[in-house]
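In: I'll drop the sequence and a predicted model, then ask my questions.
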Amino acid sequence: MKMQEIHELTTQELREMVKDKKQHLAQLRLTHAISPLENVHEIRNAKRLIARLLTELRERELEENPNLRKPKKKNKKK
């Protein structure tokens, strides 16, 4: 799934998709533990898709409430 397609989804759809993809990833890992998958790249691709979805959710969360952004820590010199 491309980022453009992810941007077009609603927030609720994103949350549902994250839930579904996490379940799918767990199933892939279980299947791979029992017998090796033919295409082990599926696990990596699933993890990357979940990361993209969570990134989009976080961006939307910060757009709604910019106060949620963590302030940068200043380095203290001793």
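Out: Great, that's in hand.
In: Show me where this structure has its strands.
Out: Counting by DSSP state E, the chain has no strands at all.
In: okay but residue 57 is in contact with residue 17, surely?
Out: No - Residue 57 lies out of contact with residue 17 (C-beta atoms under 8 Å); the separation is 9.8 Å. C-beta: built from backbone N, CA, C; applies to glycine.
In: tell me the contacts of residue 3?
Out: In this structure, residue 3 makes contact with 52, 56, judged by C-beta atoms under 8 Å, 6 or more residues apart in numbering.
In: and what of residue 35?
Out: Going by C-beta under 8 Å, 6+ apart, residue 35 touches no other residue.
In: now residue 25
Out: By C-beta under 8 Å, 6+ apart, the contact list for residue 25 reads 43, 46, 47, 50.
In: Tell me how many other residues crowd the first one.
Out: In other words, residue 43. When neighbours are defined as other C-beta atoms under 10 Å, residue 43 has 16 of them.
In: avg pLDDT for stretch 43-55?
Out: For stretch 43-55, mean pLDDT is 96.
In: List the contacts of it.
Out: Contacts with stretch 43-55, where a contact means C-beta under 8 Å, 6+ apart, come from 1, 3, 6, 14, 17-18, 21-22, 24-25, 28-29, 32, 37.
In: Could I have the ChimeraX command that selects the buried members from those?
Out: Entered in ChimeraX, the line below selects the buried ones among these, by 16 or more other C-beta atoms under 10 Å:
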select :6,14,17,18,21,25,28
